[in-house]
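Chemist: below: sequence and its predicted model.
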Amino acid sequence: MPATFRIEPADRVPDGARVCHYDELDAPAKERLPNHADPTGSTTSDPAFESTVRSCDLVKFTDYYRIERV
């Protein structure tokens, strides 16, 4: 069964959080993030976000977004 990822806006950046900029994402995640950058959050089973979850706590796009495995 594929992993499920929750992508939601972050209201703050915790001290020590690993923040990646949108331009640092792998190409598949960079292509797909705009489709999931919703103010109410979204859920996807797209494997493109697997490497993002391993390397970043938050992604700076138009706002800060938390991407986590659920």
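Modeler: Sure thing, it's come through.
Chemist: what about the helices in this structure?
Modeler: For the chain, applying DSSP state H gives helices covering 27-36, 50-55.
Chemist: wait, which of these is closest to Cys20?
Modeler: Closest to Cys20 of the helices of the chain, according to Cβ to Cβ: helix 50-55, at 6.4 Å. Where C-beta positions appear, they are placed from N, C-alpha and C, glycine not excepted.
Chemist: how about the helices of the chain in a markdown table, adding mean neighbour count, mean pLDDT and distance to Ala3?
Modeler: Putting the helices of the chain into a markdown table (neighbours: other Cβ atoms under 10 Å; pLDDT from 0 to 100; distance: least, Cβ to Cβ, whole Å) gives the following:
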| stretch | mean neighbour count | mean pLDDT | distance to Ala3 |
| --- | --- | --- | --- |
| helix 27-36 | 15 | 96 | 13 |
| helix 50-55 | 15 | 94 | 7 |
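Chemist: need those helices in CSV (columns: distance to Ser42).
Modeler: Shown next, in CSV, are those (distance: least, Cβ to Cβ, whole Å):
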stretch, distance to Ser42
helix 27-36, 4
helix 50-55, 14
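Chemist: quick check: Arg54 vs Pro34, distance?
Modeler: Remark: distance between Arg54 and Pro34 (Cβ to Cβ, to the nearest Å) = 21 Å.
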